[in-house]
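In: Sequence and computational prediction follow.
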Amino acid sequence: MKHAILYNESMSHSTDIPLPDDLLTAHRQIRDQAEELRKLQLQIEKMQHQLDQLLRQLYGKKSEKLNPAQM
């Protein structure tokens, strides 16, 4: 299942963040951000799985059973 990336208002102000002057520092910063992004994506996937389980538990097969008297 693909997940939408939520846009945060603060994302539009990326020019306010000072950028490093040297390439090595920039690469380290990129690696750190990529690792943080990976962790957040895993957290989102875990939470989505938990939500799916809870919704299935709440609205799953039990709630879909038909009462024979209704047929």
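Out: Good, I have the coordinates.

In: quick one, helices of the chain?
Out: For the chain, the helices defined by DSSP state H occupy 23-59, 61-64.

In: Compute the mean per-residue pLDDT across the last one, please.
Out: Looking at helix 61-64 alone, the average pLDDT works out to 60.

In: Same check on stretch 18-35?
Out: For stretch 18-35, mean pLDDT is 96.

In: got the CA positions of that stretch in PDB?
Out: Output of stretch 18-35 as PDB, limited to C-alpha atoms (Å, rounded to 0.1, in the frame of the first residue of the first chain):
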ATOM      1  CA  PRO A  18      21.400  27.400   6.600                       C
ATOM      2  CA  LEU A  19      23.200  25.000   4.300                       C
ATOM      3  CA  PRO A  20      26.800  23.800   4.800                       C
ATOM      4  CA  ASP A  21      29.500  25.300   2.800                       C
ATOM      5  CA  ASP A  22      31.600  22.200   2.300                       C
ATOM      6  CA  LEU A  23      30.700  19.100   0.400                       C
ATOM      7  CA  LEU A  24      31.600  16.600   3.200                       C
ATOM      8  CA  THR A  25      29.300  18.300   5.700                       C
ATOM      9  CA  ALA A  26      26.600  18.400   3.000                       C
ATOM     10  CA  HIS A  27      26.900  14.700   2.300                       C
ATOM     11  CA  ARG A  28      26.800  13.900   6.000                       C
ATOM     12  CA  GLN A  29      23.700  16.000   6.400                       C
ATOM     13  CA  ILE A  30      22.100  14.200   3.500                       C
ATOM     14  CA  ARG A  31      22.900  10.800   4.900                       C
ATOM     15  CA  ASP A  32      21.500  11.800   8.300                       C
ATOM     16  CA  GLN A  33      18.300  13.100   6.800                       C
ATOM     17  CA  ALA A  34      18.000  10.000   4.600                       C
ATOM     18  CA  GLU A  35      18.300   7.800   7.800                       C
END
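
In: I30 versus M47, what's the distance?
Out: Using Cβ to Cβ, to the nearest Å, M47 is found at 26 Å from I30. The C-beta positions use only the backbone N, C-alpha and C, and glycine is treated the same way.

In: Q57 now?
Out: 41 Å.

In: Also D21?
Out: 15 Å.
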